[in-house]
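Peer 1: here is my input, please return the structure:
(one chain, ligands or ions: 1)
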Amino acid sequence: MAVNKERMLAEFYELVRIKCSTRAEREVVDVVKAKLGALGLTVDEDDIGGKIGGNAGNVIGFLKGNVATAPVLMFSAHLDCVEPCGGINPRLADGVITSGGDTVLGADDKSGVASILEALRIVGEAGLPHGDIQVIFTVAEEGGVNGSKNMDRARLRADFGYVLDSSGAPGRIINAAPGQNSIKAIIRGKTAHAGLAPEEGVNAIVVAGKALAELRQGRIDAETTANVGIIKGGHATNIVPDYVEITSEARSRNAAKLEAQTAHMVETFEKVAAANGARAEVTVKRAYEPYVLAADLPVVALARQAAESIGLAPVFEATGGGSDANFFNTYGVPSAVLGTGMSKVHTTNEFIKENDLYKTAELVVAIITTAAQSKK
Ligand SMILES: [Zn+2]
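Peer 2: Model prediction:
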C-alpha cells in the first residue's frame, strides 16, 4: 500500500497548474470530477456556484464501502487558491517543492486534494478493506469559507471527517478552532463647512478615533482575538465628515467569550458616538461557529491511532483560523483538520516538502484502513 510517488507528484503538479481563483474553479472542478469518477466514486456537483457568484459548485463524491460495519468517513479539501495563482510553475529542488517565485504554489490546498486522490487510488488498487467514504472538494474556501457555508447540510453522509487544509507536518491534528463575528460600525456625525462653520459639524472621523482608542483589540486572551481591519470615510479637508465605516472582527474558541468581546465592541462604538453627538449603527454577522473536539471522540481517537500506525507522532493543536471544518462541525459531522506540510501559504514563498505530500496520502490510507477495523 505504498504511495506511488512519481504518480502523486505528477498529479499534484497537474492540479496546481490549473488556474482556480476563488469563484472561478470551473476547470479544476471538471478535472477532479473526472478523476473521482475514474476512481469508482459516484460524483455530483451542488448548485451553490451561481448563488455565491462563482462558476462552479462543491464536488461531492461517494465511494461505497466493502466493510459495512465501519464508520462512514468524510475527506475534504478546497479547490480554490489565493492570488497570484495563475500560471503556477512548480519545481522541486532538494526535496522541496516551490513555485517559480512569481505565484503562490497552491499546496494550499492541492496538497489535500492530491493526498485524497492518491489515497483512494491506493485503496482501490490494493483492494483494501474500507467503509463508505464521502469526498467533498469545496469551492470558495478562501476569503470566507463560502463553499461549505452555503452547502446543503443534508448532503453530508459521514459519521465524522477530516479536512486536509493546514500547515504543520503530517501528524498535526487541529481539534479546536475559533468562531468569528464580523462587526461593521457606521458612525454618523454631521457635515458642515470646515472653514466657515466647523462648530455646526460633528466630525465622524474624530468620533471614530475616540471609539477606537477605547476598543480592546488584538490578543484578548489565549483563545480570543479581535482586529479592526478597514476604515473608510471623509471626502475633503474643507468638509467636516459625517460618515465613517469601520469593519472589524472578533474570534474566540469559546462561544461566551466571543459574545462578550463582540458586545464590548458594539457598546464601545454606540457609547462613544452618543457621548460625542454622533450615532453608531453597528451590525454583527456570525461568519462561522467555533468547535472543540473532545479527545475521546472517534474522529480524534482514529486520527491518533492512524498517525501512530505509520510512525507519526500525533500533535493536537488549537488554531486561530477558520476552515471548512467549522461548517462541517456546525452541520453535525465532527471534523478535524489535518496538517499536510503546506508552508508559508498565501505568499509567493509557499512550499511543501515532497515527502510530506506522500506522508499525507499515507495518513489518509491509514485512517481509511484503521476505520475499517473499527465499529460505527
Ligand atoms: Zn486552505
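
Peer 1: would you agree residue 111 is in contact with residue 341?
Peer 2: Yes - the pair residue 111 / residue 341 is scored as a contact, 6.6 Å apart, by C-beta atoms under 8 Å. The way it works is simple: take the backbone N, C-alpha and C, and place the C-beta from them, glycine included.

Peer 1: near the ion, which residues of this protein?
Peer 2: Proximity of the chain to the ion (C-beta under 5 Å from the ion) is limited to residues 108, 109, 165.

Peer 1: in a markdown table, list those along with neighbour count and secondary structure.
Peer 2: Below are the residues of the chain next to the ion laid out as a markdown table (neighbours: other C-beta atoms under 10 Å; DSSP: H, G, I helix; E, B strand; the rest coil):
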| residue | neighbour count | secondary structure |
| --- | --- | --- |
| 108 | 27 | helix |
| 109 | 29 | helix |
| 165 | 26 | strand |
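
Peer 1: which residue, other than its chain neighbours, is closest to residue 341?
Peer 2: Leaving aside its sequence neighbours, residue 341 sits nearest to residue 356 (C-beta to C-beta, 6 or more residues apart in numbering; 2.6 Å).

Peer 1: and the one you found, that one's in a helix?
Peer 2: Yes - counting by DSSP: H, G, I helix; E, B strand; the rest coil, residue 356 is found in a helix.

Peer 1: so who does residue 248 touch?
Peer 2: Contact partners of residue 248, counting by C-beta atoms under 8 Å, 6 or more residues apart in numbering, are 182, 183, 184, 185, 217, 226, 227, 228, 229, 265.

Peer 1: where does the first one fall, secondary structure wise?
Peer 2: So the one you mean is residue 182. Per DSSP states H and E, residue 182 falls inside strand 179-188.

Peer 1: okay, now the sheet partners of the next helix or strand after that strand, with direction.
Peer 2: Counting by DSSP H and E, the next helix or strand C-terminal to strand 179-188 is strand 192-193. Looking at strand 192-193 with DSSP bridges, its partner strands are strand 239-240 (antiparallel).

Peer 1: for the helix or strand containing residue 122, packing partners?
Peer 2: Per DSSP H and E, residue 122 falls inside helix 107-126. For helix 107-126, the elements it packs on are helix 5-16, helix 26-38, strand 73-78, strand 133-138, strand 160-167, strand 335-342, strand 351-353, helix 354-373, judged by 3 or more C-beta pairs under 8 Å, 6 or more residues apart in numbering; DSSP states H and E.

Peer 1: closest to residue 206 out of the residues of the chain next to the ion?
Peer 2: Comparing these against residue 206 with C-beta to C-beta places residue 108 closest, at 41.2 Å.

Peer 1: residues contacting the closest one?
Peer 2: 81, 82, 165, 342, 345, 346, 350.

Peer 1: burial count for the residue lying closest to residue 111 once chain neighbours are set aside?
Peer 2: Residue nearest to residue 111 in three dimensions, not counting chain neighbours: residue 340, with 4.1 Å by C-beta to C-beta, 6+ apart. Residues lying near residue 340 (other C-beta atoms under 10 Å) number 32.
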